[in-house]
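Visitor: What follows is a protein structure lacking sequence information:
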């Protein structure tokens, strides 16, 4: 059996036995998603890279000290560490995290689609661009829940724990985000292909 097909938990066990390659595979499996989420919060490439490195230093440290709880999913645990580090960064700067578009980085660039032809690619790109513009119009709490739910792939329970709000509040924010985006689509006569 190749290392690529081993579960995250087994990779962690192998890493703790001294197999550095296991951690490299674990990192390569999750780095794009974690980095992208960090970037969406901080909107600065070099700051996102610094936080990303800090996240993996903390992960390695926690694993080596035997403090990792094997019950949850590794990616959700790592995402929680990343989110908390972003929040800490904003506390230092006395700013609330917001999610924004940027010319440097595009959330949709990380979505792989090897079989899309040129026309579909253009249509998809235009659609994503329109969605990003609509996302920019939302209040920060609504943007946050949309990104955590649809990009970071978190459940509403995980979002509520991460953002320290009730599940109902997280659900409400998503509901209002969708209502607001729908309203903007109607007001601006935005058409999706």
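Guide: Received the coordinates, thanks. Not measured: the values here are computed from a predicted model.
Visitor: ok, and what's touching stretch 55-63?
Guide: 12, 15-16, 23, 27, 34, 38, 68, 78, 81-82, 85 (C-beta atoms under 8 Å, 6 or more residues apart in numbering). All C-beta spots, glycine's among them, are computed from the backbone N, C-alpha and C.
Visitor: Name the residues of it that come out as buried.
Guide: 55-56, 59, 63 (16 or more other C-beta atoms under 10 Å).
Visitor: can you check stretch 82-91 too?
Guide: Quick answer for stretch 82-91 (16+ other C-beta under 10 Å): 82-83, 85-87, 89.
Visitor: May I see the buried residues of stretch 159-175?
Guide: Those would be 159-160, 162-163, 165, 169-171, 173-174, for stretch 159-175 by 16+ other C-beta under 10 Å.
Visitor: that older thread, top of the contacts of stretch 55-63 by number of neighbours, please.
Guide: residue 82 (27 neighbours; other C-beta atoms under 10 Å).
Visitor: Show the contacting residues for it.
Guide: Contacts of residue 82 by C-beta under 8 Å, 6+ apart are 34, 37-38, 51-52, 55.
Visitor: Check the residues you listed against residue 189 and report the nearest one.
Guide: Set against residue 189, the nearest of the contacts of residue 82 by C-beta to C-beta is residue 37 (31.8 Å).
Visitor: wait, the closest one sits on residue 79?
Guide: Yes: counting by C-beta atoms under 8 Å, residue 37 does reach residue 79; the two are 6.5 Å apart.
Visitor: which residues do the two both contact?
Guide: Contacts common to residue 37 and residue 79, judged by C-beta under 8 Å, 6+ apart, are residue 152.
Visitor: that older thread, next step: the contacts of stretch 55-63 restricted to helices.
Guide: 12, 15-16, 23, 27, 34, 38, 78, 81-82, 85 (DSSP state H).
Visitor: Name the next helix or strand downstream of the worst-scoring helix or strand of the chain on mean pLDDT, please.
Guide: Lowest by mean pLDDT, DSSP states H and E among the helices and strands of the chain is helix 118-136, with a mean of 64. Once helix 118-136 ends, the next helix or strand along the chain (criterion: DSSP states H and E) is helix 140-146.
Visitor: that older thread, format the buried residues of stretch 55-63 as JSON lines; extra columns: secondary structure, distance to residue 143 and pLDDT.
Guide: Shown next, in JSON lines, are these (DSSP: H, G, I helix; E, B strand; the rest coil; distance: C-beta to C-beta, whole Å; pLDDT from 0 to 100):
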{"residue": "55", "secondary structure": "helix", "distance to residue 143": "21", "pLDDT": "92"}
{"residue": "56", "secondary structure": "helix", "distance to residue 143": "26", "pLDDT": "90"}
{"residue": "59", "secondary structure": "helix", "distance to residue 143": "26", "pLDDT": "90"}
{"residue": "63", "secondary structure": "helix", "distance to residue 143": "32", "pLDDT": "89"}
